[in-house]
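Enquirer: Fold the following and give me the result.
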Amino acid sequence: MVDASPITPHHMDPAGGCPHAANARLLAQRTVVPVVLPGGVDGMAVLGHAALKEFLAHPDVAKDARHFAALREGRIAKGWPLMTFATVAGMTTADGDDHRRLRSLVSQAFTARRVEGMRQWIEELTDALLDDLAAAAAKEGGVSDLRRHFAMPLPMGVISELLGVGPEHRNRLHDLSNLVVATDLGPEQALAANRELVAILASVAAARAERPGDDLTSALIAARDEAGSRLSEQELVGTLLIMIIAGHETTLNLITNAVRALCAHPDERAKVVTGAASWSDVVEETLRWDSPVSYFPFRYPVRDLTVDGTLIPQGTPVLAGYSAAGRDQGAHGREADRFDVTRARGNTGPRHLSLGHGAHFCLGAPLARLEATIALEQLFTRFPDLDLAVVESELPRHAGFVGNSVGTLPVRLARRASVRTDAKRG
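Expert: A predicted model of the protein is given here:
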């Protein structure tokens, strides 16, 4: 039965902000809601856990932008801030045989054996970055930006190593990735960021073509050059773009959000310290409670589709509301908005969807989980007194409504001397 009762479309804030209050308000009305995207483009968002799980795996839902009615009809302006999400050539915009072909070419880098084989190297990189974090704090009065000095360079270093991207490109690739996933850019800035990102990745591909190595880019180039052209030049660069953005932005947000959650919930942090919960538990609860991706663009019904009683017209651009689904009380109980690192233990209910579901489930999920688990364990083992240097409300939010995190994370690695004195007196 279709719910035809009117509901005011939710205007997506291009500047982003914390999504949870709006998610709760929208979920109280319906699990699938109309939204207005930047530029006045009409869309929909699927917010409820069960509705999202159904939608993500539905056979009549596509990823290819040829199914995006407004784009096909020329109603989307050049420089639209979400254009890259819709049109980049790669796994995230492919369906059927094309999706399976592209995914199979990349999957070799993310087998369980290869990911586990990276553990020692990731541990060593983490240890070196913690040295950098401590050095930065020593120069800055005991406070340093954990996001800048630790949470970003760790996943960027890992994905760059996998792709064969040199250190000279990494900071700029991160800055450009931030711009590409932002939803508040003007047309000229959006086009310029996309052009520069593509140019850098094309130069990386050209360098690997001249000097192949034991990296994924070299393997993709070999596939491109095989008889039958299994990979076009556009798909090669598009795949690198997807890998760079997805390979570090989500893990960066995951680590950042986990540290914020543990600092805000000392009782939950104590559970890990005492062994009542594991660092892996922290990662899974963070993925559910504060998903690193809030609203991911886009999927398109190839026919009029009814999801949980709400009609989604054919060709509508649909956002996957991961942050909303993670706190859906219908799936996770009346205390879904409570951070509880032991939630998954003995829980037979549904797990989170923050790494996707169905054919497009995140290929790098095992690597992201490994990186975040190692990062958190080594961070809090080395700095057991780590705490935020400002109150949570003062942290600037990540730009845009796609990524879900904060822009900086100033932390104090050790308690102030006065705090330690007071503790001794107590």
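Enquirer: give the contact list for the residue nearest to residue 408 when sequence neighbours are not counted.
Expert: In space, residue 408 comes closest to residue 145 once its chain neighbours are excluded; the distance is 5.1 Å by Cβ to Cβ, 6 or more residues apart in numbering. Every C-beta, even on glycine, is put in place using the N, C-alpha and C of the backbone. Neighbour list for residue 145: 136, 408, 409, 410, 411 [criterion: Cβ atoms under 8 Å, 6 or more residues apart in numbering].
Enquirer: again, but for residue 209
Expert: residue 221.
Enquirer: so after whichever strand or helix holds residue 157, what's the next helix or strand?
Expert: According to DSSP states H and E, residue 157 maps onto helix 153-163. For helix 153-163, the following helix or strand on the C-terminal side (DSSP H and E) is helix 167-181.
Enquirer: Which positions in that following helix come out as buried?
Expert: By neighbour count on 16 or more other Cβ atoms under 10 Å, the buried set for helix 167-181 is 169, 170, 173, 174, 176, 177, 178, 179, 180, 181.
Enquirer: re the thing from before, avg pLDDT for the helix holding residue 157?
Expert: Averaged across helix 153-163, the pLDDT comes to 95.
Enquirer: hang on, the earlier thing: which pair of the buried residues of helix 167-181 spans the longest distance?
Expert: 169 and 181 (17.7 Å; Cβ to Cβ).
Enquirer: Name the nearest residue to residue 305, sequence neighbours excluded.
Expert: Distances taken as Cβ to Cβ, 6+ apart put residue 312 closest to residue 305, at 4.9 Å, once the chain neighbours are dropped.
Enquirer: neighbours of that neighbour, just the number please.
Expert: The tally of other residues near residue 312 (other Cβ atoms under 10 Å) stands at 23.
Enquirer: so it touches residue 301, yeah?
Expert: Yes: Residue 312 lies in contact with residue 301 (Cβ atoms under 8 Å); the separation is 5.2 Å.
Enquirer: residues contacting the residue nearest to residue 305?
Expert: 32, 44, 301, 304, 305, 306, 318.
Enquirer: follow-up on the earlier one: could you dump the buried residues of helix 167-181 to a markdown table with distance to residue 247 and pLDDT?
Expert: Compiled in a markdown table, those are given as follows (distance: Cβ to Cβ, whole Å; pLDDT from 0 to 100):
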| residue | distance to residue 247 | pLDDT |
| --- | --- | --- |
| 169 | 14 | 94 |
| 170 | 12 | 93 |
| 173 | 10 | 94 |
| 174 | 11 | 93 |
| 176 | 14 | 93 |
| 177 | 10 | 93 |
| 178 | 14 | 90 |
| 179 | 17 | 91 |
| 180 | 13 | 89 |
| 181 | 13 | 89 |
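Enquirer: out of those residues, who's nearest residue 359?
Expert: Nearest to residue 359 among the buried residues of helix 167-181: residue 181, at 22.3 Å, using Cβ to Cβ.
Enquirer: Number of residues surrounding the closest residue to the closest one other than its chain neighbours?
Expert: Of all residues not flanking residue 181 in the chain, residue 402 sits nearest, at 5.0 Å (Cβ to Cβ, 6+ apart). The number of residues packed near residue 402 is 23, by other Cβ under 10 Å.
Enquirer: Look at residue 402 and report its pLDDT.
Expert: 96.
Enquirer: That one touches residue 291, doesn't it?
Expert: No: if you go by Cβ under 8 Å, residue 402 and residue 291 don't touch, sitting 11.1 Å apart.
Enquirer: Could you pull up phi and psi at residue 406?
Expert: Residue 406 adopts backbone torsions of phi -110, psi 160, taken as degrees, to the nearest 10.
Enquirer: what about it, how many neighbours?
Expert: Residue 406 has 18 nearby residues by other Cβ under 10 Å.
Enquirer: What residues does it make contact with?
Expert: 147, 256, 260, 395, 396, 397, 398.
Enquirer: May I have the residues that are in contact with the fifth one?
Expert: Contacts were defined as Cβ under 8 Å, 6+ apart; by that measure residue 396 touches 406, 407, 408.
Enquirer: how close does it get to residue 407?
Expert: Going from residue 396 to residue 407 by Cβ to Cβ, to the nearest Å gives 4 Å.
Enquirer: quick revisit: save the contacts of residue 406 as CSV, and put in pLDDT, secondary structure and distance to residue 340 too.
Expert: Shown next, in CSV, are those (pLDDT from 0 to 100; DSSP: H, G, I helix; E, B strand; the rest coil; distance: Cβ to Cβ, whole Å):
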residue, pLDDT, secondary structure, distance to residue 340
147, 97, helix, 24
256, 98, helix, 20
260, 98, helix, 16
395, 96, coil, 22
396, 94, coil, 27
397, 93, strand, 24
398, 88, coil, 24
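Enquirer: Reformat the residues you listed as JSON lines; add distance to residue 364.
Expert: Shown next, in JSON lines, are the contacts of residue 406 (distance: Cβ to Cβ, whole Å):
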{"residue": "147", "distance to residue 364": "20"}
{"residue": "256", "distance to residue 364": "17"}
{"residue": "260", "distance to residue 364": "22"}
{"residue": "395", "distance to residue 364": "26"}
{"residue": "396", "distance to residue 364": "27"}
{"residue": "397", "distance to residue 364": "25"}
{"residue": "398", "distance to residue 364": "20"}
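Enquirer: I am finished for the moment; much appreciated.
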